[in-house]
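Visitor: I would like the atomic coordinates for the input below:
(4 chains)
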4 protein chains.
Amino acid sequence: MRTDFNPPTDPAAYPFVHQVRVRFAETDAMGVVHHAAYLPYLEDARVAYLRSVGHPYAAVRDDGMELPVVEVAVRYLRPLRFDDLVQVHLVPASVTGATFQIGYLLATAGQTAATAVTVHGITVGGRPARAPAWLAGLVDGG
Amino acid sequence: MRTDFNPPTDPAAYPFVHQVRVRFAETDAMGVVHHAAYLPYLEDARVAYLRSVGHPYAAVRDDGMELPVVEVAVRYLRPLRFDDLVQVHLVPASVTGATFQIGYLLATAGQTAATAVTVHGITVGGRPARAPAWLAGLVDGG
Amino acid sequence: MRTDFNPPTDPAAYPFVHQVRVRFAETDAMGVVHHAAYLPYLEDARVAYLRSVGHPYAAVRDDGMELPVVEVAVRYLRPLRFDDLVQVHLVPASVTGATFQIGYLLATAGQTAATAVTVHGITVGGRPARAPAWLAGLVDGG
Amino acid sequence: MRTDFNPPTDPAAYPFVHQVRVRFAETDAMGVVHHAAYLPYLEDARVAYLRSVGHPYAAVRDDGMELPVVEVAVRYLRPLRFDDLVQVHLVPASVTGATFQIGYLLATAGQTAATAVTVHGITVGGRPARAPAWLAGLVDGG
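Guide: Coordinates of the predicted model:
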């Protein structure tokens, strides 16, 4: 799969939102959040989302399933700064065979800061596996 | 700009290579390098590349110029592990107005591990600026 | 100053507690939280504490004051794992001239995971400065 | 064990030195290297040291041995900045039962930037174990 999902720019198009507060450790010498620090924000939002739908990632992993990131794309639109409260909006975008796609919109103080897409593999016991029904259902029934 | 560059899969297509060794701190509980840790590898390679062409990034910044990442896309193909020696191949891909694009191929032990593209803004004194001649020349004359 | 504060092992001895949830990005290939990831937890707790006493660190910095870490010591007692909820207990320990000391106790699921001490410098406009009254008062008046 | 080792301030007192270059991602909004970023520098130096004495950490781990950090103490003396070349001097300081201690001196441009001590546990198959002869010998025969 290649990321082919265009994350909506309207927060209302996202069924889930997770909030993070920018840590000082995540800033860089430009005085803003370093671009690599956004990826843990997306991950944090995914983990919170999976918990919210009754499939905590820790439990998923205990079952031998991993959901590794196989592709990521981020567009940085406005800088984030120390202590900002960031809303990470999340939408499950598609499931295709042994991968699925998630879209994100990051906003702070009502302004869009970034959009992103992650593509995930699905492995069980280290081997590619089709999405289980609950995961496929997040998109279909989402 | 949107990333429209397709990083070549042949290392020979890249004019520059920078080597990093995977740190233990960069691994995660899957036993491989965390996907966010690749972004500093790309940055490290850019910094080494700019030094190699006579424009160290520290000097560029002293001149009031910043080259913030405005877009990043990574495809993870094979996991990297602790202590791996990683060749980060780099090619300046295009310059368009106040942005430019760089392509990357990460390889270890002769195997492609990932490809990536970064798009950078160019600012001087905090304002968007056209690429200086030396930067535009990296692509044209590359 | 050298860290001379012995962080209490009883959570009740701490006037403030801040909670963080372990991110997957903070784990390492031993399957536990990497030891370097504890330092941002301490920082996060300090920032929350300063906010709670009416002196948000962002505002402190806007006033030209910095509180750089000049010394840190951590004892790791039990590993932290992905998704753990960690209580970071904090106590302002002492103020001496242009430095102050903070003690920490990290616990998860009722078990002590780590203790720590940070020593901070106080600078205004880049120069060492005595602790302002509000900061000195945090220790004196507890 | 508690850190009881006082790292020498003379680089000549250290039998091993490893060099790292500061990454931009390691800086923070104060314009200097974030204090948490020093811990991976120490780790990097340890890994290089173990390799230099014929016991690469990756091989050590393949044998089921782990050397987790159970205590760390750092004194920050002068800030490190983006692109600085940092010499991380290292000395194995002591071995006591199932732990050992390492001292560090970080310097850049001939100036001491920090000193540090790490205390490590020794586990084999997850259980505390006495230091193997090669490890004990690093201190005795240093």
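
Visitor: Enumerate every residue touching the residue nearest to the spatial centre of chain A.
Guide: With distances taken as C-alpha atoms, centre = their mean, the residue of chain A nearest its centroid is A:L42 (3.8 Å). Counting by C-beta atoms under 8 Å, 6 or more residues apart in numbering or on different chains, A:L42 touches A:72, A:88, A:102, A:104, A:116, A:118. C-beta here means a position set from N, CA and C on the backbone, and glycine is covered the same way.

Visitor: could you redo the last one with a cut-off of 7 Å?
Guide: The contact partners of A:L42, taken as C-beta atoms under 7 Å, 6 or more residues apart in numbering or on different chains, are A:88, A:104, A:116, A:118.

Visitor: Nearest to C:D28 among those?
Guide: Of all those, C:D28 sits closest to A:T118, with 21.2 Å by C-beta to C-beta.

Visitor: Can you name the residues bridging to the closest one?
Guide: Applying DSSP bridges to A:T118 gives these bridge partners: A:V72, A:I102.

Visitor: That one and A:V72 touch, don't they?
Guide: Yes. Using C-beta atoms under 7 Å, A:T118 makes contact with A:V72 at a distance of 5.1 Å.

Visitor: Do you have the helices of chain A handy? List them.
Guide: A:38-52, A:57-62, A:133-140 (DSSP state H).

Visitor: which one of the ones you listed is the most hemmed in?
Guide: Burial of the helices of chain A is given as mean neighbour count (mean count of other C-beta atoms under 10 Å in any protein chain shown); helix A:38-52 ranks first at a mean of 21.

Visitor: what angle do that helix and helix A:133-140 make?
Guide: Here the directions of helix A:38-52 and helix A:133-140 differ by 110 degrees (axes from the mean of the first three to the mean of the last three C-alpha atoms, to 10 degrees).

Visitor: For burial, what's the neighbour tally of A:G97?
Guide: 12 (other C-beta atoms under 10 Å in any protein chain shown).

Visitor: ditto for A:P8
Guide: Other residues close to A:P8 by other C-beta under 10 Å number 15.

Visitor: Do you know the pLDDT at it?
Guide: Note on A:P8: pLDDT of 95.

Visitor: Tell me how far it lies from D:R127.
Guide: Remark: distance between A:P8 and D:R127 (C-beta to C-beta, to the nearest Å) = 52 Å.

Visitor: now A:P92
Guide: Per C-beta to C-beta, A:P92 is found 43 Å from D:R127.

Visitor: How about A:V22?
Guide: Distance from A:V22 to D:R127, by C-beta to C-beta: 40 Å.

Visitor: Out of the two, name the residue with the larger neighbour count.
Guide: A:V22 (22 against 9).

Visitor: which residues touch that one?
Guide: Taking C-beta under 7 Å, 6+ apart as the test, what A:V22 contacts is A:33, A:80-84, A:86.

Visitor: Now the residue of chain A most remote from its centre: closest residue in space that isn't a chain neighbour?
Guide: Ranked by distance from the centre of chain A (C-alpha atoms, centre = their mean), the top residue is A:A29, with 25.9 Å. Ranked by C-beta to C-beta, 6 or more residues apart in numbering or on different chains and with sequence neighbours excluded, the top spatial neighbour of A:A29 is D:T27, at 3.8 Å.

Visitor: State the pLDDT value of the residue nearest to the centre of chain A.
Guide: 98.

Visitor: what do you get for A:D4?
Guide: pLDDT, read off for A:D4, is 78.

Visitor: which parts of chain A sit against chain D?
Guide: A:24-25, A:27-29, A:31, A:34, A:36, A:82 (C-beta under 7 Å from any C-beta of the partner chain).

Visitor: at 10 Å instead, please
Guide: A:22-37, A:81-82 (C-beta under 10 Å from any C-beta of the partner chain).

Visitor: Out of these, list just those in strands.
Guide: Nothing among these maps onto strands, per DSSP state E.

Visitor: Are any of those buried, and if so which?
Guide: Neighbour counting with 16 or more other C-beta atoms under 10 Å in any protein chain shown marks A:22-30, A:32-37, A:81-82 as buried within the residues of chain A next to chain D.

Visitor: can you list the weak-confidence ranges in chain A?
Guide: A:1-2, A:140-142 (pLDDT under 70).

Visitor: interface residues of it facing chain B?
Guide: Checking chain A against chain B by C-beta under 10 Å from any C-beta, the hits are A:1-3, A:28-30, A:32, A:34-43, A:61, A:66, A:68-77, A:79, A:114, A:116-119, A:121, A:123.

Visitor: if we can go back for a sec, so which of the helices of chain A comes closest to B:G110?
Guide: Comparing those by C-beta to C-beta, helix A:38-52 comes nearest, at 27.3 Å.

Visitor: pull the CA atoms of the closest one into PDB?
Guide: Only the C-alpha atoms of helix A:38-52 are listed here, as PDB (Å, rounded to 0.1, in the frame of the first residue of the first chain):
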ATOM      1  CA  TYR A  38       5.100  14.400  16.200                       C
ATOM      2  CA  LEU A  39       5.300  10.600  15.500                       C
ATOM      3  CA  PRO A  40       5.000   9.700  19.200                       C
ATOM      4  CA  TYR A  41       2.000  12.000  19.400                       C
ATOM      5  CA  LEU A  42       0.300  10.000  16.600                       C
ATOM      6  CA  GLU A  43       1.200   6.800  18.300                       C
ATOM      7  CA  ASP A  44      -0.100   8.100  21.600                       C
ATOM      8  CA  ALA A  45      -3.400   8.900  19.900                       C
ATOM      9  CA  ARG A  46      -3.600   5.400  18.300                       C
ATOM     10  CA  VAL A  47      -3.000   3.700  21.700                       C
ATOM     11  CA  ALA A  48      -5.800   5.900  23.200                       C
ATOM     12  CA  TYR A  49      -8.100   5.100  20.300                       C
ATOM     13  CA  LEU A  50      -7.600   1.300  20.500                       C
ATOM     14  CA  ARG A  51      -8.300   1.500  24.300                       C
ATOM     15  CA  SER A  52     -11.500   3.500  23.600                       C
END
